[in-house]
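Novice: Pasting the sequence and the predicted model now:
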Amino acid sequence: MRGGEAVLSLGEMLRVLNALHTTGCDVWVGGGWGIDVLVGRVTREHHDLDLLHRAEQERLVVGELESLGYAERPGVVPGRPARFVMTDGHGHELDLHPLHIAEDGSAVQHLDDRGAALHYPAEAFVTGTIEGVRVRCLSVGQQVAFHQGYEPRDRDLHDMASLRAAFGVTTHF
């Protein structure tokens with residue numbers, strides 16, 4: 001562990017994704033792991049795994065993650081309906097984001113009970129490959145969009161540099 005956070009390895013990420021896939025859960029990887037999946041290799045240490053899932057499958061997702069030793073961590077801010085966090089006894093952290101998927105493939109993530117929401121176009125959901133494994137993830141454009149409007153941390157600077165190098169995109173930092 002570094003800074004009180006456990007490193008979430010590629011092996012753990014793939015173990016979680018495989019279990020959810022085997023159970024029929026639709027999930028997409030976002031955040032730093034999502035960028036590494038797009039780039040096709042591990043570029044840095046990760047301390048959590050951002051997973052977007054179909055809201056209607058939440059009980060199935062949570063049940064499968066509980067069978068892997070994860071439990072919901074109370075008191076996360078912001079919490080539901082925007083997101084919730086599950087951790088295991090090894091300090092691994094999963095940041096789960098419920099999505100309401102429309103028939104056209106677009107999605108909405110409700111942020112609060114007052115109507116605030118994030119909107120995902122259908123083209124935000126793509127597939128990348130890491131270590132020869134195909135992984136559903138957020139697109140380059142969606143990742144770039146999520147990395148704006150705040151003061152970047154070192155890992156954000158690294159992630160955007162990885163996308164610029166791999167895809168030649170323009171980023172905000």
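Specialist: Everything's here; your move.

Novice: going on from the helix or strand containing Gly32, what's the next piece of helix or strand?
Specialist: If you go by DSSP states H and E, Gly32 is part of helix 31-39. Using DSSP H and E, the next helix or strand after helix 31-39 towards the C-terminus is strand 49-54.

Novice: Strand 49-54 and the next helix or strand after that next one, what's the angle between them?
Specialist: Later in the chain than strand 49-54, the nearest helix or strand by DSSP H and E is helix 58-67. Taking axes from the mean of the first three to the mean of the last three CA atoms, to 10 degrees, one finds helix 58-67 and strand 49-54 inclined to each other by 150 degrees.

Novice: Please list the residues outside helix 58-67 that contact it.
Specialist: Here helix 58-67 makes contact (CB atoms under 8 Å, 6 or more residues apart in numbering) with 16, 19-20, 23-25, 27, 51, 53, 72, 86, 94, 96, 98. (Glycine included, C-beta is placed from N, CA and C.)

Novice: can you pull the buried residues of it?
Specialist: For helix 58-67, a neighbour-count test (16 or more other CB atoms under 10 Å) marks Leu60, Val61, Val62, Glu64, Leu65 as buried.

Novice: residue contacts, the most centrally placed residue in the chain?
Specialist: Residue closest to the mean C-alpha point of the chain, counted by CA atoms, centre = their mean, is Asp50 at 2.4 Å. Neighbouring residues of Asp50 by CB under 8 Å, 6+ apart: Val29, Gly30, Gly31, Gly32, Trp33, Gly34, Asp95, His97.

Novice: follow-up on the earlier one: show me which of the buried residues of helix 58-67 is closest to Ser106.
Specialist: Taking CB to CB as the measure, Val61 is the one of these closest to Ser106, at 20.3 Å.

Novice: do you know how far that closest one is from Pro74?
Specialist: Here Val61 is placed at a distance of 18 Å from Pro74 (CB to CB, to the nearest Å).

Novice: Arg134 now?
Specialist: For Arg134, the distance to Pro74 - CB to CB - is 34 Å.

Novice: One more: Glu123?
Specialist: Noted for Glu123: a distance of 35 Å to Pro74, by CB to CB.

Novice: Who has more neighbours out of these two?
Specialist: Per other CB atoms under 10 Å, whichever of Glu123 and Pro74 has more neighbours is Glu123, with 11 against 8.

Novice: Can you verify my assumption that that one contacts Ala145?
Specialist: No. Taking contacts as CB atoms under 8 Å, Glu123 lies outside contact range of Ala145: 11.7 Å.

Novice: so Phe84 bridges to which residues?
Specialist: Taking DSSP bridges, one finds Leu96 as the beta-bridge partners of Phe84.
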